[in-house]
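[1] the following block contains a protein sequence and its predicted model.
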Amino acid sequence: MKILLISTFFLISGPAACFDVIGYSRGSIIIYCNNKQKVVNGGYFCKESTDQCVFLESDQTQNSWDHKDRVSVRLRFEYLRVFYKDLRLEDAGSYRCGETGGASHAVNLRVKTDPCCLGPKSVIGYLGETVTINCNYPEEFQTNNKTFNKQVGPYLSPMISTTDSQKGRFSISDNRRSRVISVRISDVREDGGVYYCGERIGRNEVSYLLLYTEIHLQVSASSPSIIIIIILSICVTLLLIGGLTLIFFIVILKKRQGSPNKQSGTNDPIDVDSENDPPRNNQNFGMDSTYQNQPPNINQSDSVYQSLDPKNNQSDSVYQTLSPNSNQADSVYQSLDPKTNQLNSVYHNLNPNANQFN
């Protein structure tokens, strides 16, 4: 039934000249079929080799073409508009577009490959700055007029073409030697979206818009330079804080290590002969000590320990004599009585057998 309906469309429309449409793999095209009057009965876009069709969205006829959302048919003024996305080599062939029960146009779609057309690409722009978008195009369209379009809903809105070098915040230039058009958007605002670089080709009955480059513009609030400056500022601040903290702790550590050394050097000076000094009397505040050794031919040693009494400025002395024959130690302790100014003496005799003092 569907095949019969499609054949009826072709018979009613009558013969028509075939129009060549050139597309590029991974690119897109928009075909405009001029009906010279508003479409009333609905429109269609069919592939002749398979007899499969896509109908107007407003038409109640069910699509017979499983196009996977790559083909859409819409009515645009007196034109039947066919948007064919993501072209593939197997999409090449003969098509027919027109109004149901009305005129139709034969289209021969040719799909080519070219290094210029490598599929969609992404570009990042930053608020308040200028972003540049570059589009490569095929060599055969080197001298043609180029357009830069933004997708607004299901339609494309032309932003600027190479016939106008400047249009508002948009400017364009065409380097034909390198086959690159450059579009600059200054003072980037809410300009994010999908853009297409292409050119319009055709005559009154059938024309098409060749779209060889698809660009996805993403707008960001901060540029990498600002982010880098912020990161460097944070790192420098942390380094300064760490350095000052380290210096602070080093100064405190030196002060703590220096305080006891200074105190011991002032109140308790180091004496290199301190190992030879006799025990000191803890009740005396100041003292001078002298240790004398007797000559080796004398088998006894005498020692004198003198302590200065802070109250009477007089000294106490102890005299000890070791007798080699008796192995006894005799000691005499003499002290000056501050009241009588006389010497008091105490004699201690060590009994070697009892190991006691007598």
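    Arrived safely, thanks for sending. Numbers count the residues shown, from 1 in each chain.

[2] just checking, what packs against the longest helix anywhere in the chain?
    Among the segments of the chain that qualify as a helix by DSSP state H, the longest is helix 224-267. Packing partners of helix 224-267 (3 or more CB pairs under 8 Å, 6 or more residues apart in numbering; DSSP states H and E): none among the helices and strands. For the C-beta atoms, the positions are set from N, CA and C on the backbone; glycine is no exception.

[3] quick one: low-confidence parts of the stretch 251-358 of the chain?
    Of all residues in the stretch 251-358 of the chain, those with pLDDT under 70 make up the ranges 259-358.

[4] strands along the stretch 1-150 of the chain, start to end?
    Taking DSSP state E, counting those that start in this stretch as the criterion, the stretch 1-150 of the chain carries its strands at 18-24, 28-34, 43-47, 52-55, 71-76, 79-84, 93-99, 104-112, 121-126, 131-136, 147-152.

[5] the closest residue to residue 116 other than its chain neighbours: what's it in contact with?
    Spatially, and ignoring its direct neighbours in sequence, residue 116 is nearest to residue 136 (3.8 Å; CB to CB, 6 or more residues apart in numbering). Residues in contact with residue 136, defined by CB atoms under 8 Å, 6 or more residues apart in numbering, are 115, 116, 117, 179, 180, 212, 213.

[6] picking that back up, and the angle for the longest helix of the chain with strand 121-126?
    Counting by axes from the mean of the first three to the mean of the last three CA atoms, to 10 degrees, helix 224-267 lies at 60 degrees to strand 121-126.

[7] ok, back up a step: check what pLDDT the residue nearest to residue 116 gets.
    Listed pLDDT for residue 136 reads 94.

[8] next one: it from residue 182, what distance?
    Distance, residue 136 to residue 182, using CB to CB, to the nearest Å: 11 Å.

[9] for the helix or strand harbouring residue 194, packing partners?
    According to DSSP states H and E, residue 194 maps onto strand 193-202. On a contact count with 3+ CB pairs under 8 Å, 6+ apart, strand 193-202 meets strand 131-136, strand 147-152, strand 206-220.

[10] 7 Å - rerun?
    Of the remaining helices and strands, those touching strand 193-202 by 3 or more CB pairs under 7 Å, 6 or more residues apart in numbering; DSSP states H and E are strand 147-152, strand 206-220.

[11] right, so those: which one is the most enclosed?
    strand 206-220 (a mean of 20; mean count of other CB atoms under 10 Å).

[12] strands paired with it, and their directions?
    Its sheet considered, strand 206-220 pairs with strand 28-34 (antiparallel), strand 121-126 (parallel), strand 193-202 (antiparallel) by DSSP bridges.

[13] report the buried residues of the second one.
    Of the residues in strand 121-126, those buried by neighbour count under the rule 16 or more other CB atoms under 10 Å are 123, 125, 126.

[14] mean confidence for it?
    pLDDT averaged over strand 121-126 gives 95.
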